[in-house]
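Peer 1: Requesting a structural model of the entry that follows:
(one chain, ligands or ions: 1)
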Amino acid sequence: MFDSLSDRLSGIFDRLTRRGSLSAEDVDAALREIRRALLEADVALEVVRPFVERIKEKAVGVEIIRSVTPGQMVVKIVHDELVATLGEEAVPIDLHATPPVAVMMVGLQGSGKTTTTAKIARRFTTRDKRKVLMASLDTRRPAAMEQLKVLGEENGIETLKIVPGQTPTQIAERAMTAGRLGGYDVVILDTAGRLHVDEALMHEMADIKRIADPHEILLVADALTGQDAVKVARSFDERVGVTGIVLTRVDGDGRGGAALSMRAVTGKPIKLIGVGERADALEDFYPKRIADRILGMGDIVSLVEKAAANIDQEQAEAMAKKLQKGSFDLEDLKSQLQQMEKLGGLSGLMGMMPGVGKARKQMEAAGVDDRIVKRQVAIINSMTPKERRKPELMKASRKKRVAAGSGTRVEEVNKLLKMHRQMADMMKSMGKKKGGLAGMLGGM
Ligand code: GDP
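Peer 2: Down below sits the predicted model:
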């Protein structure tokens, strides 16, 4: 899986991580190679371009952590970008609806739709203990109906009785009725495919959708077809609307172009991947694991993560010292705000603290949310270093400049300055008490 792309990338990074220092030219050269490797892996140009741009931005702005080489930092940056491009979190199939929950499978002929229908049904029955009914709506190919029936028999899953002469919508209706009457939790509808996306097919899909009111519409696409798979997904999404993607034949996919482009181009999550012909060859799509596979540098990534955690600790200790001295300027406020963002923003941070449910509700009611933290950081970024050290310099004209520079309003600048003043006062008084807030922060 993704072997050829993985080999290419590890070659690039081997050279990069072996160096003690990196010049801007080194980074540029590596980025050019990464770009070429991704394009050769058939990743969409519209994905590659911003991907490389973001890495460049981050690589330039990154603080170098002691104990980690610059090359290793770059590996970590690329890893994080891969995870982001793949969609960050796994998105499971959602069955939270009144049963029978309809799951509609769509895609081109030969993409692996029928096989995947059986794989998913098997997973729902064996792992999730659901009662599942499968129905083939492929009236154009009787062999397809027969194929689903056989797969059902092999895997102990019930299929809707085949009634010759019915239209796809009639079958869909019958399937949903059978689902209700038979007390099924899930009804999976395996629709017909075509060799290409065409009007007739799209109409048929829209009709079935109207009748079955599916909770999930899963587009099945063959990873080996690369960018064509992405185009097909886009067409189906535009015409029928899909809730997720199942990428098949990932077991034979050395390049990874479809996997890497799908989310970014269609905006729809890959929910599952098919990794073989057998009924159990189906896996959840975990962006982080996939990124690890593609990059093959899990050790370096965790090394950098650990080092970064140490830095956070060092920063907290330095902050504690400053507080004891009673100096807390806007630069310090900024690093506190950024620290907070790293921990998952305001909501993430508060979620970790016990007993803050009420405070959180109050803050939400007052309109304090994670976006505000970002805006506050932007305000501080628009100040000169001198202003950050001496907030009292911030008079009307400077406030106006900073508001314009950060795309905010003067009231927001005022609010931030007030917040800073209150925090500085509070910290000063607590810093005086031994083991107060300063002690607490140091121990964090
Ligand atoms: P459909 O026309 O879309 O219903 O496609 P099928 O379900 O009949 O699958 C076409 C072929 O692809 C079959 O031989 C399947 O065994 C094979 N296939 C489906 N999914 C996978 C997969 O994830 N990996 C591999 N290696 N083969 C697959």
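Peer 1: Which residues of the protein lie near the ligand?
Peer 2: With C-beta under 6 Å from any ligand atom as the criterion, the chain comes near the ligand at residues 107, 109-115, 193, 248-249, 251-252, 274-277, 281. Just so you know, the C-beta spots here come from the backbone N, C-alpha and C atoms, and that holds for glycine as well.
Peer 1: Helices along the stretch 301-444 of the chain, start to end?
Peer 2: Assigned by DSSP state H, counting those that start in this stretch, the stretch 301-444 of the chain shows helices spanning 330-342, 345-352, 357-365, 370-381, 385-389, 396-406, 410-432, 437-442.
Peer 1: My guess is Leu224 contacts Asp251. True?
Peer 2: No. Using C-beta atoms under 8 Å, Leu224 is not in contact with Asp251, being 9.9 Å away.
Peer 1: When these two are compared, which one has more neighbours?
Peer 2: Neighbours of Leu224 and Asp251, each counted by other C-beta atoms under 10 Å, are more numerous for Leu224; the result is 20 against 15.
Peer 1: Please tell me the pLDDT value assigned to the more buried one.
Peer 2: pLDDT recorded at Leu224 is 96.
Peer 1: Give the full set of residues in contact with the closest residue to it other than its chain neighbours.
Peer 2: Using C-beta to C-beta, 6 or more residues apart in numbering and skipping residues adjacent in sequence, the residue nearest Leu224 is Arg249, 5.0 Å away. Neighbouring residues of Arg249 by C-beta atoms under 8 Å, 6 or more residues apart in numbering: 112, 222-224, 274.
Peer 1: cool, Arg293 as well?
Peer 2: By C-beta under 8 Å, 6+ apart, the contact list for Arg293 reads 1-2, 6.
Peer 1: Take those and lay them out in JSON lines including pLDDT, secondary structure and neighbour count.
Peer 2: Shown next, in JSON lines, are the contacts of Arg293 (pLDDT from 0 to 100; DSSP: H, G, I helix; E, B strand; the rest coil; neighbours: other C-beta atoms under 10 Å):
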{"residue": "Met1", "pLDDT": "86", "secondary structure": "coil", "neighbour count": "18"}
{"residue": "Phe2", "pLDDT": "90", "secondary structure": "coil", "neighbour count": "22"}
{"residue": "Ser6", "pLDDT": "90", "secondary structure": "helix", "neighbour count": "21"}
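Peer 1: By proximity to the ligand, which residue of the stretch 251-400 of the chain wins?
Peer 2: At 2.5 Å from the ligand, Gly274 is the closest residue in the stretch 251-400 of the chain, using C-beta to the nearest ligand atom.
Peer 1: So what sits opposite the nearest residue to that residue once chain neighbours are set aside in the bridge?
Peer 2: Excluding the flanking residues, the one nearest Gly274 by C-beta to C-beta, 6+ apart is Thr248, at 3.6 Å. Assessed by DSSP bridges, Thr248 has beta-bridge partners Asp222.
Peer 1: Renumber starting at 50 from here on
Peer 2: Yep, numbering from 50; the last one is Thr297 now.
Peer 1: Could you measure from Ala192 over to Ala241?
Peer 2: From Ala192 across to Ala241, the span is 12 Å (C-beta to C-beta, to the nearest Å).
Peer 1: who's more crowded, those two?
Peer 2: Comparing Ala192 with Ala241 by other C-beta under 10 Å, the one with more neighbours is Ala241, at 22 against 9.
Peer 1: picking up where we left off before, return the members of the residues of the chain next to the ligand classed as buried.
Peer 2: Buried residues within the residues of the chain next to the ligand, counting neighbours by 16 or more other C-beta atoms under 10 Å: 156, 158, 160-164, 242, 297-298, 323-325, 330.
Peer 1: Check these for the minimum pLDDT and say which it is.
Peer 2: Among these, Gly242 carries the lowest pLDDT, at 89.
Peer 1: which SS class is it?
Peer 2: With DSSP: H, G, I helix; E, B strand; the rest coil as the basis, Gly242 sits in coil.
Peer 1: Could you pull up phi and psi at the nearest residue to it once chain neighbours are set aside?
Peer 2: Nearest non-adjacent residue to Gly242, counting by C-beta to C-beta, 6+ apart: Gln158, 3.5 Å away. For Gln158, the backbone dihedrals (degrees, to the nearest 10) come out as phi -60, psi 140.
Peer 1: which residues touch Gln158?
Peer 2: 190, 241-244.
Peer 1: ditto for Val246
Peer 2: By C-beta under 8 Å, 6+ apart, the residues touching Val246 are 157, 281, 284-285.
Peer 1: picking up where we left off before, looking at the buried ones among the residues of the chain next to the ligand, which are in helices?
Peer 2: Within these, residues falling in helices by DSSP state H are 162-164.
Peer 1: Centre of the chain to stretch 327-336, how far?
Peer 2: Taking C-alpha atoms, centre = their mean, to the nearest Å, the mean C-alpha location of stretch 327-336 is offset from the chain mean by 18 Å.
Peer 1: Other residues contacting that stretch?
Peer 2: Here stretch 327-336 makes contact (C-beta under 8 Å, 6+ apart) with 131-132, 135-141, 164-165, 167-169, 171-172, 200, 203-204, 296, 300, 318-324.
Peer 1: Of these, just the buried ones, ChimeraX syntax please.
Peer 2: In ChimeraX syntax, the buried subset of the contacts of stretch 327-336 is picked out as below (16+ other C-beta under 10 Å):
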select :131,132,135,136,139,140,164,165,167,168,169,171,172,200,204,296,318,319,320,321,322,323,324
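Peer 1: Mind checking which of the contacts of stretch 327-336 are in strands?
Peer 2: 296, 319-323 (DSSP state E).
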